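> From the sequence below, what's the structure:
(4 chains)
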There are 4 protein chains.
Amino acid sequence: MFANTFGTYLRLTTFGESHGPAMGAVIDGMPAGVDFDLATHLQPHLDRRRPGQSNITTARSEADRAELLSGVFDGKTLGTPICVVVHNTDQRSRDYDPNYFRPGHADRTWQEKFGHRDHRGGGRASGRETLCRVIGGAFAARLLPSQTRVVAFTHQIGQHIAQSIPEDLTSEFVDQHPTRCPDLNVADRISRELVECKAQGDSRGGVIELRIDRCPIGLGEPVFAKLKARLADAMMGIGAVVGVSLGDAPAAASARGVDFHTGIPGDGPAAGISPAASGIQGGISNGQRITLRVVFKPASTIGSMAREGRHDPCIVPRAVPVVEAMANLVLADLLLASRLNQHLIP
Amino acid sequence: MFANTFGTYLRLTTFGESHGPAMGAVIDGMPAGVDFDLATHLQPHLDRRRPGQSNITTARSEADRAELLSGVFDGKTLGTPICVVVHNTDQRSRDYDPNYFRPGHADRTWQEKFGHRDHRGGGRASGRETLCRVIGGAFAARLLPSQTRVVAFTHQIGQHIAQSIPEDLTSEFVDQHPTRCPDLNVADRISRELVECKAQGDSRGGVIELRIDRCPIGLGEPVFAKLKARLADAMMGIGAVVGVSLGDAPAAASARGVDFHTGIPGDGPAAGISPAASGIQGGISNGQRITLRVVFKPASTIGSMAREGRHDPCIVPRAVPVVEAMANLVLADLLLASRLNQHLIP
Amino acid sequence: MFANTFGTYLRLTTFGESHGPAMGAVIDGMPAGVDFDLATHLQPHLDRRRPGQSNITTARSEADRAELLSGVFDGKTLGTPICVVVHNTDQRSRDYDPNYFRPGHADRTWQEKFGHRDHRGGGRASGRETLCRVIGGAFAARLLPSQTRVVAFTHQIGQHIAQSIPEDLTSEFVDQHPTRCPDLNVADRISRELVECKAQGDSRGGVIELRIDRCPIGLGEPVFAKLKARLADAMMGIGAVVGVSLGDAPAAASARGVDFHTGIPGDGPAAGISPAASGIQGGISNGQRITLRVVFKPASTIGSMAREGRHDPCIVPRAVPVVEAMANLVLADLLLASRLNQHLIP
Amino acid sequence: MFANTFGTYLRLTTFGESHGPAMGAVIDGMPAGVDFDLATHLQPHLDRRRPGQSNITTARSEADRAELLSGVFDGKTLGTPICVVVHNTDQRSRDYDPNYFRPGHADRTWQEKFGHRDHRGGGRASGRETLCRVIGGAFAARLLPSQTRVVAFTHQIGQHIAQSIPEDLTSEFVDQHPTRCPDLNVADRISRELVECKAQGDSRGGVIELRIDRCPIGLGEPVFAKLKARLADAMMGIGAVVGVSLGDAPAAASARGVDFHTGIPGDGPAAGISPAASGIQGGISNGQRITLRVVFKPASTIGSMAREGRHDPCIVPRAVPVVEAMANLVLADLLLASRLNQHLIP
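Residues are numbered from 1 along each chain as shown, chains lettered A, B, ... in the order given. Predicted coordinates:
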């Protein structure tokens, strides 16, 4: 638990203030010999997150071009730390007093904690920081088995909840609508509401659902680094996130045990697997689908500042690749950890 | 993120299998000179968690007497690692096949991950492991300011939800009912349901609410060790927990921004504080009440095994001190971290 | 770098004050499925270190019987934290003033740093703490390939320097003399000098040489966790150690490069190996013998206190198994680390 | 112990290959509010280390201009991670076969460990990597009390040993001669020898002495992060270092205890301080001068490759600021650690 480093075996360290020269990430612990091409494996993820994608996102204009400084040679990782930098280009400073605090933002607590802050913008508390997580996630994803699929999507924005989600969902399907809600009827309603929100200086929260399919069996390090705990830590570390639940937690809380636990005891091939476990038992992945819901509060910027157009009325659509990135970081970190658990006869 | 160590500045390392000789904890990073008396500051917390407290808990009989091996001298901590051990005394082994897997339990995933496990009982996956967290939490609590109050209670069990909770709730008030639900009408209904559950080999989940009042301002290390992320990690690492929410997260998800963010901007004494922030802004405590909801799925042991009486039909009541312990560990760890943030003129 | 934890992948956490109830160790990160028998794999190492072995060691009488509390089941490690405890039995307290400081000891600095210390004895600064390292080393040794040999011996005590050392040295050979000097002529001279030292309240320092033969290739994590850096850290963390050198460092300092670097460049089977590298190039083991010299200052207890017989006139002989233990811990930690470096196609 | 991160509380993570686009460093854990000016506090240190300073150093021409990407605003640190980058400009690639291994270098071990390496040059094993340590050290130095003085100098090169060193030595004094040997007679002899060495394709090793005066009392975290252990780890992690000794270790090994330990026991102001302790007792600084000797083997590049002029015949002079940087990193890290040891009444 260090302020700016995520992960233990695969370690992402991020740096950069939203109104400083650059944002960046150092990824350490990446094994050598992994194929990596910036244009193929990283830039598309940054493009999914970057501002100015549509009329429902901020007007801040950043190309977010990744520049690789180290760690990859001849198209393969070297086993050395990878540094990727993205220069800030459109960092119009607000003309703020250091002691002007916006409610719901980090302004006041950051000032009280550090005594000195970059008051030109959100600094490290800006959502812009999450682009560094996307960089990390892009490398992490390269360590996962090719059959593992990590897909996040907009499940809810405001009071609009997706009803019909394809079973075999892909990121491409999710991306066909700017809201990233795969229920296209609901998506259109969300879109209209967010356009109106923006005009009125209002904002919305929502829920992102994350699905991990064909997760390697055995990820999670009980008792303190259970897979569910690592995922919760990863998601609750994202700016506006206020809740995380594995599967449908509220339903689990009120269910009867005999209805909830329907698996088969014994020693057969599926014995001991609980259909309701949402892919994690004893904190360790069991190979079944993992479903996580990540709850966002409404964006903090409202009123006149929101109307000026440099903020998102709802960060949920742009947070979808961030949720995926954090999940990839958790999975890759635990995958590396799992190399250490069993005895290899030397 | 190490399997058996929680915290970075105050580090709790736990050990022990449920059917092995002993459970224990090493607390490292505890500053020197803190008054500590085992009988006053630790044993009562263990007593709140131990089995056999009432007719709604397991019949396993363990005195859970703490024995101090190091780190405290003349009633004060030494600044050296503190080891506390609790011997297991009633560890009747189940006569199980190592390849018999109970659904919802860690049996199968643990076996697949490690290849070798202590199949006499739950091993480290047993709820018994949480007593070590209570040991750690008791030391952590000694580092918090005396005015800070950390209180958890049963908010919901099955479909029974507490309605009326005293504003100035204490652990003593919570403990007056074996369910630890401070709405005594609801508590009685819960009690009756759990007695029936036990008879029928059924089980229940629920929700624990945690309140932190008068938290020191400035706790939380953005961007990855935000207070909310640390709390989520801590709670989701507890056995049956499937969800964590800061404040009423579902309500936040569907709220309008202009209704949710009602604080005052500017530079006055309360400026920038958001009443809806649930005590945390930008991942850092703002001194207001922090409310966290921790969601538990129904206990995994059902059917004939549940009827034999060595399991809790609902672990929520006994998990209340565990939730408090984990919160204390998070707060103390971040309090130590905060000693490092600002420059002290040398 | 935590005060009481050594290692990153295999983590040894030690606890216990010399005059408290017990010394102990928690080993975390040990893979599951490793055969371990206390009597065979641990106790003999503790016996090599324990006080009262001969007339040249302290008269403190401790059986140093190891008690296993967790982490091993059915003769195999579980992949869970292993706790081993050794109770103190002969801890006659000195009747000391907390503000009485012995020169060369940790008394004064410890008091200044912590403000409160266990002044009945050396506390954690006592050499007794090293028994916990021997516990850790015994587990670490079980992870190394069986052909790897880690042997330390007394190279020098006072002005007596071993001249003739068998090429294929074993711990059994080293142990045949209480000085642990394998040059038996020199050993006898050392013995006589130490008996005299003890009578006069004098003390001696010396040098332990460590040989690692058939070390796995590839251990060491440049740039900061090079094998030589980890060994130096490990050895300089032992009480009276004041110097560490890889091979014959003073000779290297004054050698000509063309005489020193005599290996063959190119791409053949031995190409690039430097005979003078002492088994480590670029901070990574190359499979050749590693030789490390560890320099000890004279024991700090002199004068009347030394004559009473509860201290060693020279700690070098009893430090031999401690040096081996620390080397084993370093090697095992780096062996685990090396599992993470290369890409395994998932 | 992570490959590319040094320190626990003040963490330096370095990146960059010698023939890649850039070298760089991220410093995390730096408190907020520390005055920092790149031109004043960093660039002069890089200039002391950079190639091409004189006729006894490599002809590689690098300006080594530091560029600040984050963490400092309005001339003060923000408490956020600081990233500094130095672009490589003169990275003429060698036209090497990946399987051509130079003896004494890291070529072969690196290839065997990672399977894939940047064979255009030394990659991370190049001495060029140490410029990142100098960046880190420059920030670390800003955390130390102004009265603390950390000065390193050339004590020996080849067979030439400095005899007369000013008691109150400064870096300015050291820098007046390109050899950084403050005994100017010896310095001239070294200079002549190194010019000749270069012409002949020979190389030399040597010894750097480090003096720390007026070190804060109480630095060092026994039992594993003793000040001496941290210094040894820091120094042995530098490329060609093969030995470290606290004070004059060889003399200590052969001294009589009664001659070595000459301090006064008791409770007076200087009681318990050992003049021979070289400033560290029980692993903790006592405020007296700390003297450390760091031994370097001869530079590995010899023969025709050495004659081409792109390598140093002896790296000792340019390693002087690197040794200081590592010392500063150790001291600052332990200074931060010491903020956590004693109880502050909340």
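
> dump the residue contacts of A:I302.
Residues near A:I302 by Cβ atoms under 8 Å, 6 or more residues apart in numbering or on different chains: A:G201, A:D202, A:S203, B:G257, B:V258, B:H261. Where C-beta positions appear, they are placed from N, C-alpha and C, glycine not excepted.

> Okay, strands next: where are they in the stretch 1-150 of chain A?
Counting by DSSP state E, counting those that start in this stretch, the stretch 1-150 of chain A has these strands, from start to end: A:5-6, A:11-15, A:22-28, A:32-35, A:67-70, A:72-73, A:76-78, A:82-87, A:149-157.

> Partner strands of the second one, with direction?
Take DSSP bridges as the rule and strand A:11-15 pairs in its sheet with strand A:5-6 (antiparallel), strand A:22-28 (antiparallel).

> That one versus strand A:82-87: what angle between them?
20 degrees (axes from the mean of the first three to the mean of the last three Cα atoms, to 10 degrees).

> Which residues of the stretch 101-250 of chain A lie near chain C?
Counting by Cβ under 8 Å from any Cβ of the partner chain, the stretch 101-250 of chain A comes close to chain C at A:L143, A:L144, A:P145, A:S146, A:P216.

> If you rank the contacts of A:I302 by neighbours, which is first?
When neighbours are counted by other Cβ atoms under 10 Å in any protein chain shown, A:S203 leads the contacts of A:I302 with 30 neighbours.

> ok, it to chain D distance?
Per Cβ to the nearest Cβ, to the nearest Å, A:S203 is found 26 Å from chain D.

> Could you report the neighbour count for the residue of the stretch 151-300 of chain A at minimum distance from chain C?
Distances between the stretch 151-300 of chain A and chain C by Cβ to the nearest Cβ are smallest at A:P216, namely 7.5 Å. A:P216: 16 surrounding residues under other Cβ under 10 Å.

> One more: A:H160?
Residue crowding around A:H160 was assessed by other Cβ under 10 Å; the count is 25.

> ok so, going back, format the contacts of A:I302 as JSON lines; extra columns: secondary structure and pLDDT.
Listed next are those as JSON lines, based on DSSP: H, G, I helix; E, B strand; the rest coil; pLDDT from 0 to 100:
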{"residue": "A:G201", "secondary structure": "coil", "pLDDT": "93"}
{"residue": "A:D202", "secondary structure": "coil", "pLDDT": "95"}
{"residue": "A:S203", "secondary structure": "coil", "pLDDT": "95"}
{"residue": "B:G257", "secondary structure": "helix", "pLDDT": "93"}
{"residue": "B:V258", "secondary structure": "helix", "pLDDT": "92"}
{"residue": "B:H261", "secondary structure": "coil", "pLDDT": "90"}
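
> ok, those vs A:I238, which is closest?
A:S203 (16.2 Å; Cβ to Cβ).

> Contact partners for the closest one?
Neighbours of A:S203 in contact, by Cβ under 8 Å, 6+ apart: A:197, A:298-302, A:306, A:313-314, B:256-258, B:261.

> Could you identify which of the residues of the stretch 101-250 of chain A next to chain C has the most neighbours?
A:L143 (23 neighbours).

> Might one say that that residue is in contact with A:V34?
Yes: the criterion here is Cβ atoms under 8 Å, and A:L143 meets it with A:V34 at 6.9 Å.

> list residues touching both of those two?
Contact criterion Cβ under 8 Å, 6+ apart; residues shared by A:L143 and A:V34: C:H343.

> and which of the contacts of A:I302 is nearest to C:H343?
If you rank the contacts of A:I302 by distance to C:H343 using Cβ to Cβ, A:S203 comes first, at 43.3 Å.

> Leaving out sequence neighbours, find the closest residue to the closest one.
B:G257 (3.0 Å; Cβ to Cβ, 6 or more residues apart in numbering or on different chains).

> close enough to count as contact, that neighbour and A:G303?
No: in this structure B:G257 lies outside contact range of A:G303 using Cβ under 8 Å: 9.2 Å.

> Just the pLDDT at whatever residue of the stretch 201-346 of chain A ends up closest to chain D, thanks.
The nearest approach of the stretch 201-346 of chain A to chain D comes at A:L336, 12.7 Å away (Cβ to the nearest Cβ). With respect to pLDDT, A:L336 scores 96.

> Then A:P178?
Note on A:P178: pLDDT of 96.

> now A:D95
59.

> Just the contacts of A:S203: which are in helices?
Using DSSP state H, the members of the contacts of A:S203 that fall in helices are A:C197, A:A306, B:G257, B:V258.

> Quick check: the first one vs C:S274, distance?
Same thing as A:C197. 68 Å (Cβ to Cβ, to the nearest Å).

> same thing with A:P178?
Distance from A:P178 to C:S274, by Cβ to Cβ: 61 Å.

> Can you measure across stretch A:5-25, start residue to end residue?
Length of stretch A:5-25, first residue to last, Cα to Cα, to the nearest Å: 10 Å.

> Can you name the residues that contact the residue nearest to A:A234 when sequence neighbours are not counted?
In this structure, A:A234 finds its nearest non-sequential neighbour in A:M326, 3.9 Å apart by Cβ to Cβ, 6+ apart. Contacts for A:M326 (Cβ under 8 Å, 6+ apart) come out as A:F6, A:R133, A:G137, A:L231, A:A234, A:M235, A:G237, A:I238.

> average pLDDT for stretch A:295-309?
Throughout stretch A:295-309, pLDDT has a mean value of 83.

> still on that earlier bit, so between A:C197 and C:S274, which is more surrounded?
Remark: of A:C197 and C:S274, A:C197 carries more neighbours, 26 against 23, as counted by other Cβ under 10 Å.

> If you drop the residues flanking it in sequence, what lies closest to the more buried one?
Using Cβ to Cβ, 6+ apart and skipping the chain neighbours, the partner closest in space to A:C197 is A:P313 (4.0 Å).

> any idea of the pLDDT on the one you found?
92.

> Who are the contact partners of it?
A:P313 makes contact with A:I56, A:L194, A:C197, A:K198, A:D202, A:S203, A:R204, A:A299, A:A306, B:G257 under the criterion Cβ under 8 Å, 6+ apart.

> Quick one: neighbours of the first one, just the number.
Which is A:I56. When neighbours are defined as other Cβ under 10 Å, A:I56 has 22 of them.

> That one touches A:D312, doesn't it?
Yes: A:I56 is within contact range of A:D312, at 7.4 Å (criterion: Cβ under 8 Å).

> Can you tell me which residues in the stretch 1-150 of chain A are near chain B?
Along the stretch 1-150 of chain A, the residues adjacent to chain B under the rule Cβ under 8 Å from any Cβ are A:1-8, A:14, A:97, A:99-110, A:112-115, A:124-125, A:129.

> Can you flag which of those residues belong to helices?
Among those, the members falling in helices (DSSP H) are A:D107, A:R108, A:T109, A:W110, A:E112, A:K113, A:F114.

> Please name the nearest non-neighbouring residue to the third one.
Think A:T109. Nearest to A:T109 is B:I284, by Cβ to Cβ, 6+ apart, at 3.7 Å.
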